[in-house]
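**Q** Pasting the sequence and the predicted model now:
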Amino acid sequence: MLMTLSEENYLKAIYNISTKTGEAVSTNLLAEAMETKASSATDMIKKLAEKDFVNYKKYQGVKLTKEGHLIAASIVRKHRLWEVFLVEKLNFSWDEVHEVAEQLEHIKSDKLIEELDALLDFPRVDPHGDPIPNKYGEIQAKKKVPLSSLKVGEKGVCVGVKSTAKEFLQYLDKIEISLGIELEIIEKEAFDGSVIVLYKDQQKNISAMAAANLYVRKT
């Protein structure tokens, strides 16, 4: 069934939000993600429901159907594989890849994507640490917690970021934090929630906002 770019973008947004919350997605939350009015989001939801891509009940939110989930996961898979390609093969930085991958994710060729996956040696996460769905729409998510949740003396390896805002990723580059870096909490400030962390034999003060947007796997 042919789909518009807008329909694909809505399915992807529903997938991303529901993956994080584990719940049905409210119209207002979806509209916010799509930067549009709630009425416009409702109109699109009804179109998707007519095509059996989503289940929708007024005031109860929207959920992807099995077919809708497969389509959305495929779009997310392509997006994240292209991000890996741009970083690993074309030397893009992790704050540059999102907008380009937004364009590439709509390519329809299954063969191209399977060859891309093989070329990249079947990566499981994108440059931001988000899991890449396989061709069946399945993901192998690793347990992760915000850096801010660690106690003094605890350590964690950086496995992802909650925010992919360009400014935040550039900030992490500036203070030399990237995926795979082990961080140890040295001190937590009760007043503002900021933390002092040890990594690469150096200590840095990290704001509460930054610590809440860094995902780590405890070690």
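**A** Arrived safely.
**Q** CA only for contacts and neighbour counts going forward, please
**A** Will do.
**Q** Which parts of the protein are strands?
**A** Remark: strands assigned in the chain by DSSP state E are 54-57, 61-64, 145-146, 155-161, 182-188, 195-199, 202-206, 214-218.
**Q** which residue packs closest to the residue nearest the centre of the chain, ignoring adjacent ones?
**A** With distances taken as C-alpha atoms, centre = their mean, Asp130 lies nearest the centre of the chain, 5.0 Å away. Nearest residue to Asp130, sequence neighbours excluded (C-alpha to C-alpha, 6 or more residues apart in numbering): Gly160, at 6.5 Å.
**Q** how far away is that neighbour from Pro146?
**A** According to C-alpha to C-alpha, to the nearest Å, Gly160 and Pro146 sit 9 Å apart.
**Q** swap in Tyr10?
**A** 27 Å.
**Q** Just give the number of residues close to the residue nearest to Arg124 when sequence neighbours are not counted.
**A** Leaving aside its sequence neighbours, Arg124 sits nearest to Ile132 (C-alpha to C-alpha, 6+ apart; 5.2 Å). Look at Ile132: counted by other C-alpha atoms under 10 Å, it has 25 neighbours.
**Q** surely Ile132 meets Lys142?
**A** No. In this structure, Ile132 is not within contact of Lys142 by C-alpha atoms under 8 Å, at 11.5 Å.
**Q** what's next to the longest helix seen in the chain, contact-wise?
**A** In the chain, with assignment by DSSP state H, the single longest helix is helix 66-88. With C-alpha atoms under 8 Å, 6 or more residues apart in numbering as the test, helix 66-88 has contacts from 8, 11-12, 15, 52-54, 92-94, 97-98, 101-102, 104-106, 113, 116-117, 120, 123, 125-127, 130, 132-138.
**Q** returning to that earlier point: neighbour count for Gly160 and Pro146, which is higher?
**A** More neighbours surround Gly160 than the other of Gly160 and Pro146, with 25 against 21 (other C-alpha under 10 Å).
**Q** So the more buried one sits against Leu179, correct?
**A** Yes. Proximity of Gly160 to Leu179 meets the contact threshold set by C-alpha under 8 Å, at 6.4 Å.
**Q** What ranges does the chain have for its helices?
**A** 5-21, 27-34, 38-50, 66-88, 97-104, 110-119, 166-174, 208-212.
**Q** one step back: write a PyMOL command that selects only the buried members of the contacts of helix 66-88.
**A** In PyMOL, this line selects whichever of those come out buried by 16 or more other C-alpha atoms under 10 Å:
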select buried, resi 8+11+12+15+53+54+94+97+98+101+102+104+105+106+113+116+117+123+125+126+127+130+132+133+134+135+137
